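A.B. asks: Got a sequence here, can you build the structure:
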Amino acid sequence: MDKGWGVVIVAAGRGTRMGTTESKQFLLLQDKPVFIHTLEVFAALDEVHEMVLVTGAADVERCQDWVKEYQLDSRVRVIPGGKERQHSVHKGLKALGTDWVLVHDGVRPFVNHEQIKGCMEAAISGGASVLAVPVKDTIKQVNAEGVVTATPDRSSLWSIQTPQAFRLSSLLSAYESAEQDGFLGTDDAMLAERQGMSVKVVEGNYTNIKLTTPEDLEYAAFLLGGEKKR
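C.D. replies: So this is what the prediction gives:
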């Protein structure tokens, strides 16, 4: 029997580049915490059977309060994360009992259902997928002295976003292997690639931003205003 999709939403970071005392996932967008906007997108999908929000140990209680306030408590469990993002995701994966999993950044509230379902379909057909957009700018490889050493062909470069979709058992295996070897990756797909898994790229949208800087927050308010008008 197909146990459907689970979702791990990661909201455990501190986000020092935002320049605020509050963690970026808890900042308000139109009087609602950023991570709640994100949870609501996934909670509205019938394909999603389980959702886990992974946050800092000190933030579990207030996240539970917010989840209840926005009537998401029947859909979302809140658990404490680990030292690094990778450790937090691993905890989230172990809390799920589904066949498939989507891993998503709590500070990417503008992903839409079409993009999420595209990742789901690509993962089911190929085993793993990531949402991404083609790189717009020329990328330079630079050494420690600040000197350009290479200019990769831009046509082959993609900026990777989330969600990233996998068969849960396969991603768990990749995480356990990384933990045993003391390997830290920069995203979930990197651990899957390390295990020899093929990862399909699904083209997303440039508005699926990760809120990192004050400028991102201003752009997010603009995007949210546009959504409300539509």
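
A.B. asks: contacts, neighbours, all on C-alpha from now
C.D. replies: Fine.

A.B. asks: quick one, strands of this structure?
C.D. replies: When assigned using DSSP state E, the strands of the chain occupy the ranges 5-11, 28-29, 32-33, 48-55, 76-80, 100-105, 128-134, 141-142, 148-150, 158-167, 200-203.

A.B. asks: mean pLDDT lowest for which of those?
C.D. replies: Across those, strand 28-29 has the smallest mean pLDDT, namely a mean of 88.

A.B. asks: now for it, which elements pack on it?
C.D. replies: When contacts are defined as 3 or more Cα pairs under 8 Å, 6 or more residues apart in numbering; DSSP states H and E, strand 28-29 packs onto no helix or strand at all.

A.B. asks: Distance from the chain centre to stretch 139-146, please.
C.D. replies: 28 Å (Cα atoms, centre = their mean, to the nearest Å).

A.B. asks: nope, stretch 6-15 is what I meant
C.D. replies: With Cα atoms, centre = their mean, you get 7 Å for stretch 6-15.

A.B. asks: Show me what that stretch is in contact with.
C.D. replies: With contact meaning Cα atoms under 8 Å, 6 or more residues apart in numbering, stretch 6-15 is reached by 22-25, 35, 39, 42, 48-56, 81, 85, 88-89, 92-93, 96-107, 212.

A.B. asks: could you dump it to PDB, C-alpha only?
C.D. replies: Extracted as PDB, the C-alpha positions of stretch 6-15 are listed here (Å, rounded to 0.1, in the frame of the first residue of the first chain):
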ATOM      1  CA  GLY A   6       5.800  13.200   3.800                       C
ATOM      2  CA  VAL A   7       7.300  16.700   4.100                       C
ATOM      3  CA  VAL A   8      10.300  17.800   6.200                       C
ATOM      4  CA  ILE A   9      10.200  21.600   6.700                       C
ATOM      5  CA  VAL A  10      13.500  22.900   8.000                       C
ATOM      6  CA  ALA A  11      13.200  26.000  10.200                       C
ATOM      7  CA  ALA A  12      16.100  25.700  12.700                       C
ATOM      8  CA  GLY A  13      18.600  28.300  11.300                       C
ATOM      9  CA  ARG A  14      19.600  31.600  12.900                       C
ATOM     10  CA  GLY A  15      20.100  33.600   9.700                       C
END
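
A.B. asks: ok, the residue nearest the centre of the chain - contacts?
C.D. replies: Centroid-nearest residue in the chain: H104, 2.1 Å away (criterion: Cα atoms, centre = their mean). Residues counted as contacts of H104 (Cα under 8 Å, 6+ apart) are V7, V8, I9, V10, T162, P163, Q164.
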